[in-house]
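>>> just need the structure, nothing else, for what follows:
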Amino acid sequence: MYDACRQRVWAYAAARAGRQIADEVVSETFAVAWRRFADVPDPALPWLLGVARNVLRDGYRAEARRDACAAELARWAPRPSGDIAEDVAERLAVLRAMAAIPEGDREILILVAWQGLSPREAARVVGCSPAAL
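Numbers count the residues shown, from 1 in each chain. Sure, this is the predicted structure:
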């Protein structure tokens with residue numbers, strides 16, 4: 001089955017996704033065929049092409065998930081634009097300063113400065129009036 005169908009499965013994968021991906025698709029397709037050998041019909045080629053199609057589709061979905069995750073991480077943690085040691089030292093200084101202030105003040109500072117809430121919104125979170133905040 002491998003010798004008879006490998007080239008056609010590779011050609012299908014190469015036409016859909018390019019030559020670099022085709023080898024991986026062929027490997028995964030025949031790994032599935034080996035695991036499900038009893039399910040492979042005769043002739044095997046249409047079934048193998050269906051498996052290759054699913055492998056490609058799974059690859060596209062995985063790539064889309066990776067891209068979405070990378071984009072989300074980039075939004076949350078922009079790349080440092082200088083010496084990382086300076087960024088670490090600055091972060092440690094901020095954390096030390098935050099630890100030195102009372103808990104209530106620290107919570108307000110986090111809500112307003114880090115979470116971007118307005119004083120009115122922060123007051124609602126902590127359960128007081130904006131004037132008391």
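
>>> count the neighbours of Arg19 for me.
Neighbourhood size, Arg19 [other C-beta atoms under 10 Å]: 10. Every C-beta, even on glycine, is put in place using the N, C-alpha and C of the backbone.

>>> okay, now the unreliable bits of this structure?
Scanning the chain for pLDDT under 70 picks out the ranges 78-81.

>>> what about Val25, how many residues nearby?
So Val25, with other C-beta under 10 Å, has 23 neighbours.

>>> hang on, isn't it packed against Ala13?
Yes - Val25 lies in contact with Ala13 (C-beta atoms under 8 Å); the separation is 3.8 Å.

>>> need the residues touching each of these two.
Jointly contacting Val25 and Ala13 under the rule C-beta atoms under 8 Å, 6 or more residues apart in numbering are Ala52, Val55, Leu56.

>>> ok, the first one touching Asp23?
No - no contact is recorded between Ala52 and Asp23 when judged using C-beta under 8 Å, the distance being 11.9 Å.
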